[in-house]
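# need a 3D model of the sequence below.
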Amino acid sequence: MSRRMVTMIAGRVLVALATLLFVSVVVFGATQLLPGDVAQAILGQSATPEAVAGLRQALGLDAPAIQRFAAWLGGLLTGDAGVSLVSRQPVGGLIWARLSSSLLLAGIVAGISVPLALTLGITAAVWRGSLYDRAVGVVTISAVSIPEFLVATLAVLIFAVHLQWLPALSFMPRSASPLQFLRAVAMPVMSLSFVVVTQMVRMTRAAVIEAMTSPYVEMAALKGASPARIVLRHVLPNTVGAIANAVALSLSYLLGGVIIVETIFNYPGIAKLMVDSVSMRDMPVVQACAIVFCAVYLLLVTCADIVAILSNPRLRHA
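Numbering: from 1, shown residues only. Predicted coordinates for the structure are as follows:
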């Protein structure tokens, strides 16, 4: 690894950390602007102003915003996200219990979406202009225009209401069998994969077509290399960075889609926890969930940048 590559990777990591710090300021400020009062929500509308003021003081909500932000950020840096204002349980424990479910769902979606999308995108690029390429293009362009909530709603209407093949809600008891688990996550996985695959196919196809029009690919074709050899030896190794970016950006759509899908299917993940906490004005949980989403997005993008740097042959000997 050359010194220039190390410098560029370190720069990407520092930018990601600075972005996360800026996002933490925005998240904390945005949650302070949300309407409603958690003390009033806990005590109810019939509570007296004195009782509300006393609870706000007990919860530390009467301290200045800068002081609360400094305490919250210091806690995050030490691994302490605070205590839920509603359940009085550690926020870290609440998030970890739900995060494992969301990571499992995201892992299944990625395991299905990435191979399928890369296969469709690469083959469509290799056979560009063919009937197959046009069919893939029409399907992906049509699918990418459909929002996640509509995909999830149609899945419920078709597979749960009309055909009655799958449950409408993702309820999974602790003693669930593998078949019950698959039935519970089938529609959330289907809805998320539908959106992720369409985005990834379009970006992968564009990256491979750009590489196939490069001079070194044309030279390999003139030398009599077979199409398979051209793709495997010349095209794909030079599109690793672009494909990694396509995968990372497509998987980042999970962060938005999972909020909608978990809410519609009542899936017990971190996005559902965040939505429920917003309705209860449980700001420590909302803030921690938002930071987790932002951190995952920055991790995906940063990893894609690092892969692009490492796969760039011009930087290896710089």
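# could you list the low-pLDDT ranges of this structure?
1, 35-38, 40-45, 59, 171-176, 313-318 (pLDDT under 70).
# tell me which residue is most central in it.
The structure's the chain has its C-alpha centroid closest to Leu255; by CA atoms, centre = their mean the separation is 3.0 Å.
# which residue packs closest to it, ignoring adjacent ones?
Closest residue in space to Leu255, ignoring its immediate chain neighbours: Phe293 at 5.2 Å, by CB to CB, 6 or more residues apart in numbering. Backbone N, C-alpha and C define where each C-beta goes, glycine included.
# ditto for Ala168
In this structure, Ala168 finds its nearest non-sequential neighbour in Ala160, 3.9 Å apart by CB to CB, 6+ apart.
# quick one: list the elements packing against the helix or strand the residue nearest to Leu255 falls within.
Per DSSP states H and E: Phe293 is located in helix 283-310. In terms of contacts (3 or more CB pairs under 8 Å, 6 or more residues apart in numbering; DSSP states H and E), helix 283-310 is packed against helix 3-32, helix 65-77, helix 91-126, helix 240-265, helix 270-279.
# buried ones in the first one?
Within helix 3-32, the residues scored as buried using 16 or more other CB atoms under 10 Å are Met5, Met8, Ile9, Arg12, Ala16, Thr19, Leu20, Val23, Ser24, Val27, Phe28, Thr31.
# my read: the residue nearest to Leu255 touches Gly257, true?
No: applying CB atoms under 8 Å as the test, Phe293 and Gly257 come out as separate, 11.8 Å apart.
# neighbours of Asp62, how many?
Number of residues near Asp62 (other CB atoms under 10 Å) recorded here: 13.
# which SS class is it?
Three-state call for Asp62 (DSSP: H, G, I helix; E, B strand; the rest coil): coil.
# contacts only, for it.
Counting by CB atoms under 8 Å, 6 or more residues apart in numbering, Asp62 touches Ala53, Arg56.
# phi and psi next, for it.
phi -90, psi 0 (degrees, to the nearest 10).
# Ala135 is in what secondary structure piece?
helix 131-144.
# could you dump that helix to PDB, C-alpha only?
Below are the C-alpha coordinates for helix 131-144, written out as PDB (Å, rounded to 0.1, in the frame of the first residue of the first chain):
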ATOM      1  CA  LEU A 131     -34.200  -7.600 -25.800                       C
ATOM      2  CA  TYR A 132     -33.000  -8.800 -22.400                       C
ATOM      3  CA  ASP A 133     -31.300  -5.500 -21.600                       C
ATOM      4  CA  ARG A 134     -34.400  -3.600 -22.600                       C
ATOM      5  CA  ALA A 135     -36.600  -5.800 -20.500                       C
ATOM      6  CA  VAL A 136     -34.400  -5.300 -17.400                       C
ATOM      7  CA  GLY A 137     -34.300  -1.600 -18.100                       C
ATOM      8  CA  VAL A 138     -38.100  -1.300 -18.300                       C
ATOM      9  CA  VAL A 139     -38.700  -3.300 -15.100                       C
ATOM     10  CA  THR A 140     -36.000  -1.500 -13.100                       C
ATOM     11  CA  ILE A 141     -37.200   2.000 -14.200                       C
ATOM     12  CA  SER A 142     -40.800   1.100 -13.400                       C
ATOM     13  CA  ALA A 143     -39.900  -0.400 -10.100                       C
ATOM     14  CA  VAL A 144     -37.700   2.400  -8.900                       C
END
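# what's the following helix or strand after it?
Counting by DSSP H and E, what follows helix 131-144 is helix 148-155.
# next, the buried residues of that next one.
Neighbour-count burial for helix 148-155 flags Glu148, Val151, Ala152, Ala155 (criterion: 16+ other CB under 10 Å).
# tell me which strands and helices it is in contact with?
helix 178-212, helix 240-265.
# now do the buried residues in the shortest one.
Spelled out, that is helix 240-265. Within helix 240-265, the residues scored as buried using 16+ other CB under 10 Å are 241-255, 257-265.
# swap in stretch 277-291?
Using 16+ other CB under 10 Å as the test for burial, stretch 277-291 gives 277-278, 280-291.
# what of stretch 168-188?
Buried positions in stretch 168-188, judged by neighbour count with 16+ other CB under 10 Å: Ala168, Ser170, Met172, Arg183, Ala184, Val185, Ala186, Met187, Pro188.
# then stretch 83-91?
Judged by neighbour count (16+ other CB under 10 Å), stretch 83-91 contains these buried residues: Val83, Ser84, Leu85, Val86, Val91.
# neighbours of the residue nearest to Leu116 when sequence neighbours are not counted, how many?
Spatially, and ignoring its direct neighbours in sequence, Leu116 is nearest to Val197 (5.7 Å; CB to CB, 6+ apart). Val197 is flanked by 24 other residues according to other CB under 10 Å.
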